[in-house]
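[1] predicted structure and sequence below. I'll ask about it afterward.
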Amino acid sequence: MEHSKKKLIILLSMASVAALSIIFRRRHQKKNRRAARCYLHTDPKPQYTFKRVLADNSYSPFNHLNLDGLEQKSQPYEADIMALVDNPSVEFKFLEGVDVDLEMSDSYVWVDTESQLTQLADPF
């Protein structure tokens, strides 16, 4: 009788642990499923803390600004940019009066292996 009572206690404790783990796993899965349904709730946004929402345009498409009717151009440097596009001569004003050779005249050593690198670092 004593032996069967211990088996019953062990069986009940294992069943209760299994039931609790199933319950907690299902709660966790439901919580994750609810949060993953909407792409808008993936990141915490500061507007969710407001008491009153003035406008919720989360689902509306982006409307571009229509400047066709305006006389003012949208790009203030359009004339300068178009002048460079039309006449692409590159001039270095900061080098005026200085004779600078823009060609690479230094010699370089290409290193492919670690032994070549150590040989280059320790020439002696």
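    Now that the structure is in, tell me what you want to look at.

[2] in the chain, which spans are helices?
    2-36, 78-86, 114-121 (DSSP state H).

[3] contacts for the helix-or-strand element of the chain with minimal mean pLDDT next, please.
    One helix or strand of the chain scores below all others by mean pLDDT, DSSP states H and E: helix 78-86, with a mean of 83. Contacts with helix 78-86, where a contact means Cβ atoms under 8 Å, 6 or more residues apart in numbering, come from Gln75. C-betas here are computed from N, CA, C, even on glycine.

[4] might you list the low-confidence residue ranges for this structure?
    1, 34-42, 53, 65-74, 89-95, 100, 102, 123-124 (pLDDT under 70).

[5] residue closest to the middle of it?
    The residue lying closest to the centre of the chain (Cα atoms, centre = their mean) is Asp43, at 12.9 Å.

[6] on that earlier part again, let me have the helices of the chain in a markdown table, extended by distance to Phe62 and mean neighbour count.
    Output for these, formatted as a markdown table (distance: least, Cβ to Cβ, whole Å; neighbours: other Cβ atoms under 10 Å):
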| stretch | distance to Phe62 | mean neighbour count |
| --- | --- | --- |
| helix 2-36 | 25 | 10 |
| helix 78-86 | 24 | 10 |
| helix 114-121 | 53 | 10 |
